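J.: Predicted model and sequence follow; I will ask about them next.
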Amino acid sequence: MNGHRTAPEPRCSALSAARGALLDRLEAERHIGPGWAAAVRAVPRERFLSGGVFLPEGHAARWRPVTPDGLGPEEWAELAYSDQSLVTQLDGTLTPDRATGPVEGYPTSSSTAPATVVGMLEELEVRDGDRVLEIGTGTGYSTALLCHRLGEDNVTTVEADPELARRADDALEVAGYSTWTVTDDGLLGHPSRAPYDRIIATCAVRRIPHTWLRQARPGAIVLATVGSWSYGTGLAKVVVAADGTAEGRVTGPSSFMPARAQAAAPLGGSLAARAAYADSVRRARVAPGVLRDWMPAFLAQLAAPTAQLVRAVAGGTEKRYLIDAERESFAELAPEGDGWVVRQGGPLALWDAVERAITGWRTAGEPGIDAVRLRVTREAHTYWIDAPGHLGLRWEHRHPPLP
């Protein structure tokens with residue numbers, strides 16, 4: 001009897017080819033070693049995008065929902081395995097499969113570009129048998145890569161959003177990974193599964209929580225994006241010491257959505273009201289346009305770590321504001337002639353601090369973000385740059401200990 005083989009479904013065939021093409025690109029660009037290559041080859045990214053994605057339409061605040069059923073097999077496969085971050089949630093609630101048409105909103109969850117995911121996993125330097133804590137499950141794709149590489153019982157992942165956690169857990173189960181998926185505030189880690197050999201955050205944090213260090217073994221690596229803005233943030237890599245402190249460096253630029261508990265709250269009220277009472281007015285020694293560049297923006301966040309940067313048009317004039325609602329301080333910058341004037345008010349002279357940081361950096365020869373070192377203790381975060389022939393730049397952020 002002659003048997004016959006059923007032809008593969010077009011969608012399955014297209015997805016398999018697209019996954020192979022992604023792996024080829026990652027290997028060609030040297031983003032990936034053999035261990036993670038096997039994980040990328042095995043883990044179906046499309047399973048973690050089953051609710052669809054939002055694609056930008058027209059301008060940054062408007063999005064078009066796209067679901068797997070709305071595209072042909074090859075088009076969906078190309079999108080699912082494109083090396084780009086794909087937005088999967090807006091405004092903390094809306095997912096593509098629940099949107100009926102183009103919408104406006106702010107991205108609150110995404111599937112990070114595979115090259116970025118794999119690059120961070122390589123930076124984590126895992127070893128066989130390592131126990132990993134992941135902060136920010138998101139879609140669950142990076143969780144699945146960790147499970148494939150280390151075994152599902154060695155991976156604990158924490159997601160603050162219950163709906164995202166449920167979807168990720170479902171996708172992980174369908175993909176064959178029954179790992180520890182926890183719904184909680186990731187800034188607190190997950191002590192019941194500690195200690196961990198590696199901790200990785202797929203969200204940005206203002207500082208590395210000391211609770212993470214308490215849940216890590218001596219010699220553990222902690223990898224997290226530090227900063228409070230949507231850009232100008234850096235990937236910090238620190239090694240935990242036996243005394244519970246950690247020290248390391250910023251390895252390069254990195255951009256992630258903020259941890260839910262640290263997302264900037266709407267300022268409320270008008271900017272004019274917040275900037276009504278200035279304690280000083282002077283010519284700015286550093287123009288605010290410098291903050292469009294990544295390293296100066298990172299330095300500004302070190303100098304004013306709880307301030308928000310806002311661009312606004314008032315009376316036909318484009319202005320820049322640094323607003324620190326917690327410290328009741330502001331800096332307002334407005335163009336005047338061939339320069340800028342800065343008005344400042346409140347207990348902190350925010351722009352003075354930013355100018356000192358940027359002027360010192362320029363004097364030191366404008367080193368890159370990978371020149372930044374940091375030390376984390378229970379009491380403080382200390383950042384510094386050691387430049388040849390220069391006394392160095394230093395910032396210390398003291399904070400009350402976390403539980």
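T.: Looks like it arrived, so ask away. Numbering: from 1, shown residues only.
J.: Check which element follows the helix or strand bottoming out on mean pLDDT in the chain along the chain.
T.: The weakest-scoring helix or strand in the chain, judged by mean pLDDT, DSSP states H and E, is helix 271-274 (a mean of 72). Downstream of helix 271-274, the next assigned helix or strand under DSSP states H and E is strand 280-283.
J.: Each with direction, which strands does that next one pair with?
T.: strand 339-345 (antiparallel) (DSSP bridges).
J.: what about Ala168, how many neighbours?
T.: Around Ala168 there are 25 other residues, counting by other CB atoms under 10 Å. For glycine as for every other residue, the C-beta is placed from the backbone atoms N, C-alpha and C.
J.: Which SSE is immediately downstream of the helix or strand that contains it?
T.: For Ala168, the host element (DSSP H and E) is helix 162-175. The helix or strand immediately downstream of helix 162-175 is strand 180-183, counting by DSSP H and E.
J.: Give me the contacts around that next one.
T.: 137, 140, 143, 153, 155-162, 165, 168-169, 172, 190, 193 (CB atoms under 8 Å, 6 or more residues apart in numbering).
J.: Pull out the buried positions in stretch 142-159.
T.: When neighbours are counted by 16 or more other CB atoms under 10 Å, the buried residues of stretch 142-159 are found to be 142-150, 152, 154-159.
J.: Helices of the stretch 101-250 of the chain, residue ranges please.
T.: Using DSSP state H, counting those that start in this stretch, the helices of the stretch 101-250 of the chain run over 114-123, 141-150, 162-175, 210-214.
J.: out of those helices, deepest packed?
T.: helix 141-150 (a mean of 25; mean count of other CB atoms under 10 Å).
J.: quick check: angle from it to helix 114-123?
T.: Interaxial angle, helix 141-150 versus helix 114-123 (axes from the mean of the first three to the mean of the last three CA atoms, to 10 degrees): 40 degrees.
J.: helices or strands up against helix 141-150?
T.: Applying 3 or more CB pairs under 8 Å, 6 or more residues apart in numbering; DSSP states H and E, one finds that helix 141-150 contacts helix 34-42, helix 114-123, strand 132-135, strand 155-159, helix 162-175.
J.: Please work out which residues outside the helix ranked longest in the chain touch it.
T.: In terms of residue count, the longest helix belonging to the chain (DSSP state H) is helix 10-28. For helix 10-28, contacts defined as CB under 8 Å, 6+ apart pick out 8, 32, 37, 40-41, 44-46, 73-74, 76-78, 80-81, 83, 114-115, 118.
J.: Can you select the buried ones among the residues you listed for me in PyMOL?
T.: Only the buried entries of the contacts of helix 10-28 go into this PyMOL selection, using 16+ other CB under 10 Å:
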select buried, resi 32+40+44+45+46+73+76+77+78+80+81+114+115+118
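J.: And the pLDDT at the residue nearest to Ile221 when sequence neighbours are not counted?
T.: Distances taken as CB to CB, 6 or more residues apart in numbering put Arg198 closest to Ile221, at 5.4 Å, once the chain neighbours are dropped. Among the per-residue scores, Arg198 holds a pLDDT of 98.
J.: dump the residue contacts of Arg198.
T.: By CB under 8 Å, 6+ apart, the neighbours of Arg198 are 124-126, 130-133, 220-223.
J.: How about Leu90?
T.: 54, 63, 103, 105-108.
J.: what does Val290 give?
T.: Val290 makes contacts with 296, 358, as judged by CB under 8 Å, 6+ apart.
J.: would you say it is within a strand?
T.: No. Judged by DSSP: H, G, I helix; E, B strand; the rest coil, Val290 forms no part of a strand; its state is helix.
J.: Tell me the spacing between it and Gly368.
T.: Val290 is 15 Å from Gly368, where distance means CB to CB, to the nearest Å.
J.: same question, Ala175
T.: According to CB to CB, Ala175 and Gly368 sit 38 Å apart.
J.: what does Arg282 give?
T.: 31 Å.
J.: next one: Arg127
T.: Separation of Arg127 from Gly368 (CB to CB) stands at 29 Å.
J.: quick one: which of these two has more around it?
T.: Between Arg127 and Gly368, counted using other CB under 10 Å, the more crowded position is Gly368 (12 against 9).
J.: one step back: got the angle between the helix holding Ala168 and helix 141-150?
T.: Going by the same axes, to 10 degrees, helix 162-175 makes 40 degrees with helix 141-150.
J.: ok, and what's touching helix 162-175?
T.: Taking CB under 8 Å, 6+ apart as the rule, helix 162-175 contacts 43-44, 47-48, 50-51, 89, 93, 95, 109, 137-140, 143-144, 147, 157, 159, 178-179, 181-183.
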